[in-house]
Structure formats: C-alpha cells, structure tokens
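Undergrad: The following block contains a protein sequence and its predicted model.
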Amino acid sequence: MARKPQLLTLFIALVAMLAISACGSPQVAPTATSQPNTGQAAQPTNAPQPTEAPQQPAETQAPAAGQGGTLTVYSGRTEDLVGPLIEQFEKDTGIEVQVKYGDTAELAAALLEEGDASPADVFFAQDAGALGAVRKAGLFAPLSEAILSRVDERFRADDGSWIGVSGRARVVVYNPELVKEEDLPETIFGFTDPKWKGKIGWAPTNGSFQAFVTALRVLEGEERAREWLEGIQANEPKVYPKNTAIVEAVANGEVEVGFVNHYYLLRLLKEKGDLKAKNYYFNNSDPGALINVAGVGMLKSSDNKELAEQFIAYLVSEKAQQYFSSETFEHPLVEGVKADPRLPGLSEVQTPKIDLSDLEDLDGTLQLLQDAGVL
Amino acid sequence: MATVSRPFQVPRPISRSRSQRRLLPPFMLTLPALGVALGMLVPIVYLVIRAASAGERAWLLLLRDRTLSVFLQTVLLAGTTTLISVLIAVPLAWLLVRTDLPLRHFWTVATALPLVIPSYIGGFTVAAALGPRGMLQKILEPLIGVQRLPEIYGFPGALLTLTLFSYPYVLLSIQAGLRGIDPSLEEASRSLGHGPWSTFRRIILPQLRPSIAAGSLLVALYALSDFGAVSLMQFDSFTRVIYMQYQASINRGFAAVMSLALVALTGLVLYSEGRTRGRARYYRSAGGCNRPATLIRLGRWRWPALAFCGLLVLLALMMPLGVMIYWLVQGLSNGEPLRLVWSAALQSIIASGVAAVAAVIAAVPVAVLAVRYSGRLSKWIERSTYIGHALPGLVVALALIFFSINVVRPIYQTFALLIAGYTVLFLPQAVGAIRSSLLQISPRLEEAGRSLGRTPRQVLATITLPMARPGVMAGAALVFLTTMKELPVTLLLSPIGFQTLATRIWSASSEAFWARAAAPALLLVLVSSLPMAFLVLGDRRWRS
Amino acid sequence: MKDVAILCEGISKRYGTVQAVREVTLALERGQFLALLGPSGCGKTTTLRLLAGFEIPDSGEIAIGGQKVSAPGLFIPPERRRIGMVFQDYALFPHMNVERNIAYGLSRGPEQAARIQEVLELVGLVGLEKRMPHELSGGQQQRVALARALAARPEVVLLDEPFSNLDTGLRVRVRAEVREILARAGATAVFVTHDQEEALSLADQVAVMLNGQLVQCASPEEVLSPPGEPPRSAVRRRGQPTARPGLRGVCTL
Ligand SMILES: Nc1ncnc2c1ncn2[C@@H]1O[C@H](COP(=O)(O)OP(=O)(O)O)[C@@H](O)[C@H]1O
Ligand SMILES: [Mg+2]
C-alpha cells in the first residue's frame, strides 16, 4: 500500500525549483539589466559632447577601463532618465554599477531601515528633501572638497554631505492663447488675485510643489505661506495628480496657468511635437523662482568610498552635465555647460536665498498643507 | 458462540474533560500553517516597533479629526467598491456560467481581464479618457458641444477605477462557486414549483454566499490597500495618507501608526466577513456525482445581456487598452523607438510563476486546516493570512527589509525575499480559492480514502488536492496575475537590477514618458491574458 | 471462543450537548452480518464512524479482528484498521474511473489488475472499468462502492444505509445481491438501516439502537418474537427504551 504519491513528488520538485531560482537569481539579474539598456545605449554616446575628460578633481580622472570593482547605487531617478548615463560611466571607467531604481522617498525610507547594513554606496535622489532626511539620520559621509567645489554653493549641502547634480526650476506653465506673458504677475503672490479664479492648476501632493511650499515657509515665514495657500485655495484651483497632467491641462485649455517644474513641458514637446503651452520664470529672488536639485550623496556604510566618489565626480563632470541638459532638459549646475537653448541660464535667474538643506523640513509643510485644507 | 458480557450498569454521566475528544490535525498541517501565520505577522511586529518609537506627536496626529474623516472615507470607498462589484459580478457570473449567452467564452475571458490592468495605469487611462476635458469630451464636443465633463477626481474617480479593475475578484469567485453547485439542487427546486428567478434567489444565491463573501473580501482589502487609484484620483484614503507620510517627510513613525489603524480596520472587515460564513455545508450531501447543468435559454433577453457585457468590457478593458494604444501610436509617430521589453516580461513571468507556486504551497496547509479541522487556532491562522493583502505594498516591503536586515541578512535583496514579499501580499488569494474548493469536497471522500488504507498525507495528495485542483489552479493564477502588476515590493525587495514589466511601466510613466510606458503595459496585458484564459476556461475538467 | 471480528466495550461519543452514542457494547463473530437498526438520529452512523476510526470515542474500547484499535490512550487511525466502508452517498471519487476507484485501496503490483477483475466479477460490473462515476446508474455506483470496499479484503465491511438511495424495486433486488456478494466474499459486515424489514431479512444479528443506546441485540427471530415487549414498538416509540434491564447497553452473542 506504499504507493508513492505523485503530487508530493511534484511539490518537492516545485520547492526545489524555488530554491534554485532563489540562488540563481543574482546571476540572472545583471544580464537582464543590461538587456533593456542595449536599445538605449546609442543615445548617450550621441548626446554628450565628444569626450573632454573632466578636468577636476584629480581622482575623477577616468581610470583605465577594466580596473573593475562594483558600485551599488540606489537611484530615485528612473532608468529612463539616468540609465544611459550610468551605462556610459561603466564604459568610460570599467566600473560595474548595480542600480536599484525606485521612488526617491521610498528608497530613502529603505535606507533608513537598512541603516549601517545598507548594501548601497551611493544615493541618487530626485529632490533635496529626501537627501536631507538621509543626512539627518547621519547616514551620509562627507564628500571631498574637490567634488563639492564643482557646483555653486546654492545647490549643495552646507556640511558637504550631498551635492546637487541637476537643477529643476519651479515655473508657471501658461497657455499663450489664453493669457499673454505680460499679464503674468511678477511674484508668485500675484496669483492670489481673484482674477485667477478657476484658472489655476496645481498638484499639491507633488514632491516638488511641497518643496516649494517649504521654501516659501523658510523665506517668508509660516504666516505668509499660509496666506498664499489660502489665497490660491480661494481661487478654486484645479487639482492634478502630477505635473504632466497640469501641462496637458494647460495645453488643452482646461486651465490657463499651472505651477510645475520647468522640464515637463520640454519632455511633452518632445513626445507630442507641438503644444499650446509655454514656461514662465519668476526672477528677482521671488520664492516662485526656486530651483531645486536632484542630487547625490555617499553612504557612510559604504566599503567602496573611492568608487563612490568617482561616480559622484562623474555626475558633475561636463559630460554628465551635458547629458542632463540635453536628455532630461534639466539645468546643468556646473559652470560653463550649456543648457537647452529654450532655458534661461542659471546665472540669469535670481533664485531666492535659501539653503536647500532646509527643505528637509517637509513635515511642517505637510502640516501646513493639511491645516490649510489643501491636502 | 462467544460471549462478551458485562454486568448492567447505569450509564454514568460522562465527565466534560474526557468527553468530546476531537481528531487533532496532524503536525504536518499545523506546523507549516503556524509557520505561515507567523510569517504574516512580520509586518505587524514591524509596525508596532516603529509606532512605539514614533513619539507622542504621531499618536496625537492619529487623534485629529482628520483621521476620523480619513477612516470614514476609506470605509465608504471600500464598502461602495465592494457593493458595486458584487452587483456587477452576480448577474454577470450567472450569465457566463448558466445561460446560452452568445460568445460566452469570449465574454468570460474579456470580463475577467481587467484584473490584470494595474490601477496606476487604469487610473491614468480613466482620467485621460473621462476627465473634464479628456478624450471622451473631445469626441463629444463636435457632436453635442459639451465643453467639459463633470469632475472625476475624488470619490467618483476612485470608486470607478477601483471597481472597474477589481470586480473580477468577485466575478471569478462566484463563477467557481456556480460551477460547483449541484444542478440537481436547482432541478429539485424547479420541480417543487419555483421559477428560475425564485430558484436563483432561494437556492443558488444562498449557496453562493461563501463565494460572494470570499470575492468581496479580496475587493474590500484591495480597495483598502491600493495606492495607484486613490493617488491618481486624489482621494484621501488611509493608504494615500500613509504614502504621503513617506513621500513628503519619510516619517516612518506616523506612517506606522496610520498603518496600524488600517490593520484595525482590516480586522473589522475580516470579522464581518467571518460572521457571514455561518455553519452551512456546501458539499453535496447525497447522490453520487455532478452532472453538467443544462444552460438556460436567454431568448430575447440576450440583447440586454449582451449590452451589459459590452458596456462593461468597453469601460474596463477597451478604454484602458485604447488609451495605451493611442499613446503608443502617438509616441511611435514622433520617433520613439518601439521597445518590446521581452527580458522584463520574462522576469515578470518567472517571478510571478514562482510567487504563485510559493503562495499555493503556503496556502494549502492553511486552507486544509481551516476547512477540515475548524477550530479557534485554525481560524486565527487563516485570518492572519489576510493582513498582508490589506497593507500598502510599501509597508510590507519596509517590514521585510527590517526583518531581513535584523534577522536573516543573507537573504536581503535576494529573489527568495522578493518571493516572500509577494507571498505575504497575495497569500489570501490562494487561501480563499483553495478554501472554497475544499468546501465543496465532501469529507466522506477523504474518509473513504482512509478506510481504504491510506494515511492522511496520502489522502491529501491523492484525493483532496486533485479534487481541489480547480481551486489550487485558480489560486495560483490569481497570485500570478496580481504579482505581474505588483510594484512597491518589487522595487524595494528585488535583487539589484531585477526588472519586471511593472517596474518598466513605472519607470517610464513616473517621468511621463507615456509612449514608452505603453509598450510594456500592453505587453503586461498580453502576457497575462493566457493564464487568465486558462483560469476562467480551464476549471471544467471532469465536468464535461 | 470463535473468531471475534468486532468487539466494542462501553463506547460513548458526545457532540457538544448531544450524547450521540452512550455506553455501547457489542461483539460480532467473523463472517456474520450485523444490522444496526434504529430511528433516524439515534446514533447509528456515529457508532459506525467510531468503529471505522473517523471519530475518537470519549470512552470505551474497540477491537477489530482481535487487535485493539481504540482505547484510552490508544487510537489506530482508520487506514490501519483493515476496514472497508460503503458510504450512504457512495463517495466515489468523481475524478477517477471505476477501475481507479477500486484500485485505490490496493497496493500496486501484478495482482492488482487481477483483483480488480475479481471484485468486478463479484459485483457483476465487468466491462465498466473505464466509466466515470457520473456515467453509472445509482445501483451500479453502489456496486462500485462495494467492490472498492471489498477489494483489499478487509476484516470488516461497514455500510451506512447502503440501500437508502435506491428506489424500492431496485432496493429489494440489490439487497439480495449485496448479501450474496458479501457472503461469497466471506466478509464480516455491519450495516446501518432504519428499515426493520431490511434489518430482519438481511442480518444474522440485529442491534437495536435508541437515543444513542443499544437496547436490544439478538437474532432476527428473537427480535421478531421477543420474550418481553415487541421491539417494533420500541423502535417507533422514541425516547422509551424497552424495559429489558438485562440487555440494556449490552449485546451478548
Ligand atoms: N458532527 C456532528 N456534530 C454535532 N452533532 C452530531 C454530529 N454528527 C451527529 N450528530 C448528532 O448525533 C446524533 C446521532 O447522529 P447519527 O449517528 O448521524 O444518527 P443516525 O442514527 O441517524 O445515523 C444526532 O442527534 C445528530 O444530530
Ligand atoms: Mg445516519
């Protein structure tokens, strides 16, 4: 009666399969990453100007290819944005880079959970707030002066724990068929005027918007920030989930103006060809002229600090800066690298005087947004 | 003649302690089931630890009025979504299983397919198509001059999105239940003078109660835990508030406090579902085997029936597919290259397949225990498997990071941990399907196996599981399909460099590269269609 | 002392507040045919399930074929009791054909096929090996169930209301057939019924149950013409066990 039950055998086989795939995956994974990239590999080689190796700092001189080593990067910027650039880095330096892509805030939360055990060497974040949170937890190691000096003080942490690599300007996107540029106000506070009732689009849940509100609080104080929020709220703005949705809504006339980051319009233009929308920059240190950054920091727990610094130095090299300018339409932060011709130069925009590290107090902003009934 | 005699005895009262000895479940069931239940508690333990260190302010935040309104809104959303899903699914399942609806197989697959559309894509397409000045308005404007459609953001949009992409949970569950009902019950009812409607109401519907409850539970928990739809539609549910805490301030303490509140809400949902289960038995009590039921002729009613199916498929399937195809074509015509990310598709399939197997392996002892050895312990074990499904994926992912970093560091960021994450999230889908299938197997069959000299383990392998096969396969298919579209756990727990279709879609869509997101999204639907067809058409083996 | 196939001493079973079986004691010789007779709900099925090992008695002892299978601290699971059971609803495995249903209780080997043929011949179903259960008539299904139970040559065959699913005409014929088949197989059998005529016409011994207790255990002749009150009325009059104190709860063969 001892007949062997076939199903049990099947079960064991399945469990074994599971175990094998569990062990096998680390080998499987890298091949898979490189594959989807091969299609895009052509882009970055075209995009950056012919290589003029970064001059500064000394240790960033591209080492001989094949020198090797593996670097682990947590990237809150998606592969569609930075994948080609990282691949180019691998090609130029022979350093293998493993990238974990994810949402910036979620990766920051993961880093906080991992603490000292983190496998990450570098955290590449979409905004300064997340970098601030990781810094606050004391997880970043300071960067060398040689790297830090590549970028204007406005765009890096004062303690040198992280550095901005590309600029994301807050702008007003408007539909030129519905409003003339000269009718747009000089300051962001102009939009609290009742004449804008029902004509504004915004995305209060968006991280960039919240960073802007934080800046507003820091620059103008809680009261003024609350006034602004309540003023806009009184104008019954249309709420959108994301910046792109705002740009599209402006282009199709759903609203006349919207508060967004500058590059969404440029990306949509690339995808759709033509849109009835234009960007408007504030100036004169108006809070509306905030330029936030995507930035990068090196983790204290990394055993690979040399490679990590090499990577970070690469991101502020001219080649990489050129890539950001032409591929993601962001503002390059290194002096002398040309931005997209449709963008004003960074030196032309008088940004408000603010330490971007202060943007880490998003907690208070959230509170304010909730109290003002915006969220 | 042998004599065995005993002096007459007055039957003594039998003491309570000696009495009611029960057959104890074998260890080979209890141990794995307990292990699974303990695994499911990992997120709770994590949340308690985080909440404990949250500080006073987090708890004060919990006591704000807003929390109550978020609580009520969440309940309203989950409740309405579930109700409407049931109202759609019951008649639809009946049409698909019991009537001669034209093109029945096509509708069977097409009405179940919306399940494979991720809510973060579905929500976008709903907004793009039905927004105030969306595609529908563009179509209507030249025809009847509509300037803008009513606002969709907020409750209506969230409700519509969640319902459209989660009603298949109830549909699938009810279809399986309908197929399991002995047609002789229906015949008996008809012979006793009840018309089809009365039979449906008095015989079929009560029999379907566990299927409806099981499906509703999945919909309700999905509505509680989903982030895609509520964030796109700007509706403040618990999940959105929790995510916002992470995204705006990386405030793990407050997020943990809110998550615990969500767990409490889940407990409430589980409790009320448990109340509906009752004590009825659903296996056939008499008379041999199931004959296939004869189909009911719809006659003239087939036109409204077809319209119903058509409208549903139009909204839940054609609309998102249409929007995606539109994006793809627009992108291609602007010079975007067509990226068919087959390698990501392959990794999606592998991960989802292994997750399905793992979930089924974990679910079998839990379900068998719950059905065959019902008791307090087995009930708690079964209920505990539902926790993960109600928590936002991000919370589960962080909990597993915390757990593996502190307890089993070698498996951190391995495929094994990823699969564990999927299992925590989707186990109840497998448990539910296997459970309903087991409920329809008479324990007499297992006893027959035992009386014929087989051990419990052999009976499990040769009688119970083969008979529960439709449930096992359905559970596996459900887990497969939901894993295909899973995002937060995949992003955080996968080995470095691991990419699935879902992560490709996310990568492109979060930077608004719609054209680039469309190809993997369409591929996701395509790849998921096969197992879906198998799921809805496959479970009628020894019935024909 | 002849071979004793079944020996139960004072077995009891309670479900919650219902005392389903109370202090039942009975013995059955090998080759005999015992009917458990009583009104619905009196505990017949429970008694049978206790014998089979699907339930654990709260107290008492059971031995099958001279081997103790249930006693305080001892419980032999059903698969090791050498029993064959025919269920009220037959419990044929719907996913296996006739042949595989019968083979289910047999060890694999060269004799398996021969034994299947043997029992199929015994029940008169040769040629239907490949049929699925739902392709059989009620009578045929029942004979498959019987063949399946007999195939592994069990010590005892337990039948729970084996004829209740058959129509009256068929029932009389099948009854005789089953008796015939069991006799030819030399089986010891316990069958449950609530039909007196069935019990009296088929059994060597009739055990009358009432409210979980055994009230009488005798040959059909004795049950028909008892020294005291006729048992027929005892069966009909619920809640009133026959006033035969010497026999109450004890079955002496
Ligand atoms: N699993 C059970 N749970 C509770 N009560 C039961 C169970 N099985 C049987 N009973 C009760 O025990 C008594 C005897 O039942 P049973 O042995 O099935 O009677 P019958 O003589 O009709 O076969 C009945 O009152 C029945 O209600
Ligand atoms: Mg009975």
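TA: In hand now; what should we look at? Ligands and ions are numbered 1, 2, ... in the order given.

Undergrad: Not counting residues beside it along the chain, what's closest to B:L172?
TA: The spatial neighbour of B:L172 that comes closest, neighbours along the chain excluded (C-beta to C-beta, 6 or more residues apart in numbering or on different chains), is B:A112 at 6.1 Å. From N, CA and C alone the C-beta is placed, and that goes for glycine too.

Undergrad: Pull the number of nearby residues for that neighbour.
TA: Around B:A112 there are 27 other residues, counting by other C-beta atoms under 10 Å in any protein chain shown.

Undergrad: can you check the one 3 residues further on too?
TA: As a burial measure, B:L115 scores 24 neighbours (other C-beta under 10 Å).

Undergrad: That one touches B:L481, doesn't it?
TA: Yes - contact status for B:L115 versus B:L481: in contact at 5.8 Å, counting by C-beta atoms under 8 Å.

Undergrad: Find the residues that touch each one of these two.
TA: By the contact definition C-beta atoms under 8 Å, 6 or more residues apart in numbering or on different chains, B:L115 and B:L481 are jointly contacted by B:M532.

Undergrad: Check the spacing between C:E118 and ligand 1 real quick.
TA: Separation of C:E118 from ligand 1 (C-beta to the nearest ligand atom, to the nearest Å) stands at 32 Å.

Undergrad: In terms of helices and strands, where is that residue?
TA: When elements are assigned from DSSP states H and E, C:E118 belongs to helix C:110-123.

Undergrad: What average pLDDT does that helix get?
TA: Averaged over helix C:110-123, pLDDT sits at 90.

Undergrad: After it, which helix or strand is next? Please name it.
TA: Along the chain past helix C:110-123, the next helix or strand (assigned with DSSP H and E) turns out to be helix C:138-151.

Undergrad: helices or strands up against that next one?
TA: Applying 3 or more C-beta pairs under 8 Å, 6 or more residues apart in numbering or on different chains; DSSP states H and E, we find helix C:138-151 packed against strand C:83-86, helix C:98-103, helix C:110-123, strand C:156-160, helix C:168-185.

Undergrad: The third one versus helix C:138-151: what angle between them?
TA: On the basis of axes from the mean of the first three to the mean of the last three C-alpha atoms, to 10 degrees, helix C:110-123 is oriented at 140 degrees to helix C:138-151.

Undergrad: same question, the last one
TA: Orientation note: helix C:168-185 sits at an angle of 20 degrees relative to helix C:138-151 (the same axes, to 10 degrees).

Undergrad: buried sites along helix C:168-185?
TA: With burial defined by 16 or more other C-beta atoms under 10 Å in any protein chain shown, the residues of helix C:168-185 counted as buried are C:170-171, C:174-175, C:177-179, C:181-182, C:185.

Undergrad: cool, the second one as well?
TA: Judged by neighbour count (16+ other C-beta under 10 Å), helix C:98-103 contains these buried residues: C:98-103.

Undergrad: Any chance of those residues in CSV with pLDDT as columns?
TA: Below are these laid out as CSV (pLDDT from 0 to 100):
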residue, pLDDT
C:V98, 92
C:E99, 91
C:R100, 87
C:N101, 86
C:I102, 90
C:A103, 88
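
Undergrad: ok, so of the residues you listed, who is nearest A:A294?
TA: C:R100 (66.2 Å; C-beta to C-beta).

Undergrad: And for that closest one, nearest residue in space, chain neighbours not counted?
TA: That would be C:F93: by C-beta to C-beta, 6+ apart, it lies 7.7 Å from C:R100.

Undergrad: Can you report phi and psi for the one you found?
TA: phi -70, psi 110 (degrees, to the nearest 10).

Undergrad: ok, it - contacts?
TA: So, once contact is read as C-beta under 8 Å, 6+ apart, C:F93 ends up touching B:445, B:448, B:463, B:467, C:100-101, C:104, C:133.

Undergrad: What parts of the stretch 1-150 of chain C come near chain A?
TA: Of all the residues in the stretch 1-150 of chain C, those in contact range of chain A (C-beta under 8 Å from any C-beta of the partner chain) are C:105-108.

Undergrad: Around chain B, pick out the residues from the stretch 151-300 of chain A.
TA: Checking the stretch 151-300 of chain A against chain B by C-beta under 8 Å from any C-beta, the hits are A:205, A:207, A:210, A:239, A:241-245, A:249, A:252-254, A:264, A:267-268, A:270-273.

Undergrad: Okay, and which of those map to helices?
TA: Cross-referencing these against helices under DSSP state H gives A:207, A:210, A:243-245, A:249, A:264, A:267-268, A:270-272.

Undergrad: contacts with chain C among those residues, please.
TA: Here nothing survives when those are matched to chain C using C-beta under 8 Å from any C-beta.
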